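Trainee: the sequence and its predicted three-dimensional model are supplied below.
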Amino acid sequence: MRGRWIAKAVAQKAISFLPDPQRANHFFQDRVTRGTTLTPAMLEQSVGWAVLHLSAFDRCGGRRHGATAVELGPGWYPVVPLCLFLAGFDRVDMVDLEDLGRSELAVQAIDGLLAAADDGGLAELGELQPGRLERLGRARSTVVHRGHVAGLEELGLLVRPMDARQLELPAPPDLICSNTVLEHIRPEVLEGILARFGELAAPGTVMSHLVDHADHYAYVDDTIDVHHFLRYSDRVWRLIDNDVQPMNRLRASEYLELYRRAGVPVDEEHRRGDDPLRLVGIPLADRFRNMDPADVACVASHLVTRFDRPAT
Ligand SMILES: C[S@@+](CC[C@H](N)C(=O)[O-])C[C@H]1O[C@@H](n2cnc3c(N)ncnc32)[C@H](O)[C@@H]1O
């Protein structure tokens, strides 16, 4: 439907002024757009994200068995932390400003993963830790009877509603990861989060962030392109943008600069969709017109850090 993105932007802007915007957004998605069902495609995408994090972890020499992780901004469905659990992680701190989870969402994630395990849909995760699928099945009943926080905790998945800049951990994590989160955080806050992760890390800690640089409104409105939002000046974008699901519009190299300012190295940067020809015909705002076109065009990146190894 033409103009669908405008309807969504207006609705999110209105919701951002309500007393509990995240809950209101959930209600809106649930009742109005029927958007809180974990579809097979969403599950597959999330498992794919876990595969990318685990591959980066393996490449950097991480040991899965008994490892610990932090996931920044897990959102509604704990698919990635559950995959880490299945792969052998013993503890995952799920850090989000608010706990957006609910029992029925966790049950969908668990059921989806159990079905995928039967169908061979988890093969790319690599070898699963023996006994973990059975524990996942048992935790489902805890989720149903005692809620998602208790059920996930049974698996070592800890719901930590807080600002990641204030995160404290009993020991340095082996892995820090996020999926489609960094693009929703204001640059000055993101710099603080990266710096905090740098403080929490120890030699050997791996950090893996998947960043979606696309205009997310293009996912609900096929009349606009993934670069659509780059036509607006910062001033106009501030009026369109909202606090429920803000988009910072940072381009790929601007994340590298943020990492640099936070004192965190980037060991691998994998970019996707950076063909400058895709920008032809788009009236870019000055800020983007003056940047490297390949950088502006890039729609996704995967940033991997391996904090310095301990001396051997
Ligand atoms: C788009 S959502 C995450 C989506 C989720 N990863 C997924 O795959 O469905 C971004 C999340 O980042 C969280 N967030 C933003 N700033 C944060 C901060 N300073 N500390 C912790 N979480 C934060 C928000 O609360 C929000 O839930």
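Mentor: Ah, there it is. Residues are numbered from 1 along each chain as shown.
Trainee: the closest residue in space to residue 234 that isn't next to it in sequence and residue 98, how far apart?
Mentor: Distances taken as C-beta to C-beta, 6 or more residues apart in numbering place residue 287 nearest to residue 234, at 6.5 Å, with adjacent residues excluded. Placement of C-beta: from N, CA and C, glycine included. As judged by C-beta to C-beta, to the nearest Å, residue 287 and residue 98 stand 31 Å apart.
Trainee: tell me which of these two has more neighbours.
Mentor: Shown here are residue 287 and residue 98; by other C-beta atoms under 10 Å, residue 287 has more neighbours (15 against 11).
Trainee: quick one: that one from the ligand, how far?
Mentor: Counting by C-beta to the nearest ligand atom, to the nearest Å, the gap between residue 287 and the ligand amounts to 23 Å.
Trainee: over to residue 285?
Mentor: Taking C-beta to the nearest ligand atom, one finds residue 285 at 23 Å from the ligand.
Trainee: who's in contact with that residue?
Mentor: 230-234 (C-beta atoms under 8 Å, 6 or more residues apart in numbering).
Trainee: could I get the phi/psi values of the residue positioned nearest the centre of the chain?
Mentor: Central residue of the chain (C-alpha atoms, centre = their mean): residue 179, 2.2 Å from the mean position. Backbone torsions for residue 179, taken as degrees, to the nearest 10, come to phi -130, psi 120.
Trainee: per-residue pLDDT of it, please?
Mentor: Note for residue 179: predicted pLDDT of 98.
Trainee: just to revisit the earlier point, name the member of the contacts of residue 285 with the most neighbours.
Mentor: residue 230 (23 neighbours).
Trainee: which SS class is the closest residue to that residue other than its chain neighbours?
Mentor: Leaving aside its sequence neighbours, residue 230 sits nearest to residue 288 (C-beta to C-beta, 6+ apart; 4.7 Å). Reduced to three states with DSSP: H, G, I helix; E, B strand; the rest coil, the structure at residue 288 is helix.
Trainee: residue 288 reaches residue 251, doesn't it?
Mentor: Yes - Residue 288 lies in contact with residue 251 (C-beta atoms under 8 Å); the separation is 7.2 Å.
Trainee: quick check: phi and psi on residue 72?
Mentor: phi -90, psi 130.
Trainee: actually residue 211, not the one I wrote
Mentor: According to degrees, to the nearest 10, residue 211 has phi -120, psi 130.
Trainee: that one and residue 258: what is the separation?
Mentor: Distance from residue 211 to residue 258, by C-beta to C-beta: 11 Å.
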